[in-house]
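Peer 1: Model the following, please.
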Amino acid sequence: MIVNGLSAVLLSAFIVEKHIQHIDAFTPMGAYNLNMIYPRYNVQRSETSLSCQLCPSDENLHENEKVFFQTSPVKAYTARDARITIPSSLLLSTLANTAFTGSVAAADASFLGALNSNFPNSFANGQIVSQLLPILKKRGYTKTNTLVASSLCSDEINYSDQSLESQLRSNLVPARYGGVFHLGGLAGVPSVGISGFKACLGHVPIDGKVVLVFGPHIGIDENGVVGKIKRIGQDTKPTGTCGAVVGAKKALGVKKDPSAQDEEKFVNDTQEDAIIKYLSKKFKGKKSDEVGITEVTQSMYNLVRDEVLAYLQACILPDSKAFWGGISEIILLGGIVINKSYLQGDDYFQPLMLQALSAKGTKDLLSETYSL
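Peer 2: Alright, predicted model coming up:
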């Protein structure tokens, strides 16, 4: 048990060290939340040092975590020493609690194993944003000329304070007056129609810019199970994530009851029916157990992407000169959101598209931003 606990702590220290290297290489001066793996680390970078605090708010901690983390002081490190001191401090301060740390590290290993197998080249939300911001700044994006929009699933886990959308919002729009224009419904499929897209684009500051993040989502729990996570208050009952996609997958190969009414009703399931129809056509002739949830989620990304592009084209093409006369650029960040279970740390995002649209044409930014 001692050996296993020590190995787990060493693994935790290694992961933290890797993220400290990321901060040193990519992060601009200012606050940075090192919650890619552990939400307990808050790092403040200056030109010469990193200050690391292992002391989150009490409401985010289990009882057995409080004693451990409340004893951790605020310390300052040079960028060079941070690579050694922070992981070493983590190791020494956690030896007394190897059982707890071991379970956290084991959960991280299971999650990361499933993540890398199913959604390679994924990054934690914090890293997605921190690497995107310098690109946006270079292209003239500010808090007064940018509108943030999203076409993500309606699921509440995609809108927490640490979600990708929230981190984009907090960095790109004024805290008091800014917000996000929501275009998505179940599974992230656009649900507002052409009128919704026109309304969204009509809210852009004059000669301003748009950052539109889109895609489906999927959960991976602490045991590496793909398609499920544990939510707040449901520690013993993992739920399907994305529930709409999991439900549509189950409907594959199931014949519709011919007696079912097709007439329009006030209470209906329009969005889910559309997803089932799309997947049934995509995987024609296959039953649910013949298709993996990862493959289905990847197909849902294609659907969301194609619909977002189609709606944008419908807004631009009638009079492209007039359109680009009012909006200078649109950034499209598309990919798959990977949710983690409650208290397991920052969610991840697999970036599959990063493009800048303007009157000059389309510029691909994926390789420049994420080295993909």
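Peer 1: Provide a list of residues in contact with Leu183.
Peer 2: Shown in contact with Leu183 (CB atoms under 8 Å, 6 or more residues apart in numbering): Ala149, Ser150, Ser151, Pro190, Ser191, Val192, Gly196, Phe197, Cys200, Leu212, Phe214, Val308. Backbone N, C-alpha and C define where each C-beta goes, glycine included.
Peer 1: List the ones among these that fall in helices.
Peer 2: Among the contacts of Leu183, the members found in helices (DSSP state H) are Gly196, Phe197, Cys200, Val308.
Peer 1: Most neighbours among the contacts of Leu183, which one is it?
Peer 2: Ser151 (29 neighbours; other CB atoms under 10 Å).
Peer 1: if we take the ones in helices among the contacts of Leu183, which one ends up nearest to Asp273?
Peer 2: Gly196 (19.4 Å; CB to CB).
Peer 1: thought that closest one was touching Pro190?
Peer 2: Yes. Gly196 lies in contact with Pro190 (CB atoms under 8 Å); the separation is 7.5 Å.
Peer 1: who touches stretch 341-350?
Peer 2: 35-39, 60, 62, 107-108, 111, 115, 119-126, 128, 157, 162-164, 219, 221-222, 229-232, 234-235, 238, 335-340.
Peer 1: Restrict these to the buried ones and give me that as a PyMOL selection.
Peer 2: In PyMOL, this line selects whichever of these come out buried by 16 or more other CB atoms under 10 Å:
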select buried, resi 35+36+37+38+39+107+108+111+115+119+122+123+124+125+126+128+157+163+164+219+221+222+229+230+231+238+335+336+337+338+339+340
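Peer 1: tell me the mean pLDDT over stretch 185-202?
Peer 2: Average pLDDT, stretch 185-202: 97.
Peer 1: Ends of that stretch, what's the gap?
Peer 2: Using CA to CA, to the nearest Å, one end of stretch 185-202 lies 20 Å from the other.
Peer 1: ditto for stretch 220-235
Peer 2: End-to-end for stretch 220-235, by CA to CA: 14 Å.
Peer 1: Quick one: the strands in the stretch 51-200 of the chain, in order.
Peer 2: Using DSSP state E, counting those that start in this stretch, the strands of the stretch 51-200 of the chain run over residues 74-78, 123-124, 146-151, 180-182.
Peer 1: quick one: which helix or strand includes the residue lying closest to Ile128 once chain neighbours are set aside?
Peer 2: Distance criterion CB to CB, 6 or more residues apart in numbering; nearest residue to Ile128, sequence neighbours excluded, is Phe349 at 4.9 Å. Using DSSP states H and E, Phe349 maps to strand 348-358.
Peer 1: which neighbours does that strand have in its sheet, and in what orientation?
Peer 2: strand 123-124 (antiparallel), strand 327-339 (antiparallel), strand 361-364 (antiparallel) (DSSP bridges).
Peer 1: what's the angle between the second one and strand 146-151?
Peer 2: Just to be clear, that refers to strand 327-339. 40 degrees (axes from the mean of the first three to the mean of the last three CA atoms, to 10 degrees).
Peer 1: What mean pLDDT does stretch 122-139 get?
Peer 2: 97.
Peer 1: Repeat that for stretch 357-372.
Peer 2: Per-residue scores along stretch 357-372 average to 96.
Peer 1: CA-only coordinates of it in CSV, if you can.
Peer 2: What follows is stretch 357-372, C-alpha atoms only, in CSV (Å, rounded to 0.1, in the frame of the first residue of the first chain):
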residue,chain,number,x,y,z
LEU,A,357,-13.4,33.7,-41.6
SER,A,358,-13.3,37.2,-43.1
ALA,A,359,-13.9,39.1,-46.4
LYS,A,360,-10.4,37.9,-47.4
GLY,A,361,-11.4,34.3,-47.1
THR,A,362,-10.7,31.4,-44.6
LYS,A,363,-7.5,31.0,-42.7
ASP,A,364,-6.7,27.8,-40.7
LEU,A,365,-5.3,28.5,-37.3
LEU,A,366,-5.4,25.0,-35.8
SER,A,367,-1.7,24.1,-36.4
GLU,A,368,-0.4,27.5,-35.3
THR,A,369,-2.4,27.5,-32.1
TYR,A,370,-2.3,23.8,-30.9
SER,A,371,0.6,22.4,-33.1
LEU,A,372,-1.8,19.9,-34.7
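Peer 1: Sort out which residues of that stretch are buried, please.
Peer 2: Neighbour-count burial for stretch 357-372 flags Leu357, Leu365, Leu366, Thr369, Tyr370 (criterion: 16+ other CB under 10 Å).
Peer 1: Can you give the contact residues for it?
Peer 2: For stretch 357-372, using CB under 8 Å, 6+ apart, the contacting residues are 121, 123, 128, 131-132, 135, 312, 320-321, 324, 328-332, 351-356.
Peer 1: Buried subset of those, written for ChimeraX?
Peer 2: Restricted to buried positions by 16+ other CB under 10 Å, the ChimeraX selection for these reads:
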select :123,128,131,132,135,312,324,328,329,330,331,332,351,352,353,354,356
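Peer 1: about what we covered before: what's opposite the residue nearest to Ile128 in the beta bridge?
Peer 2: With DSSP bridges as the rule, Phe349 is bridged to Phe123, Val337.
Peer 1: now do the one 4 residues further on
Peer 2: Met353 has these beta-bridge partners by DSSP bridges: Gly334.
Peer 1: Quick check: the gap between Gly233 and Tyr348.
Peer 2: Counting by CB to CB, to the nearest Å, the separation of Gly233 from Tyr348 is 23 Å.
Peer 1: Which residue of those two possesses the greater neighbour count?
Peer 2: Between Gly233 and Tyr348, Tyr348 has the larger neighbour count (other CB under 10 Å), namely 25 against 7.
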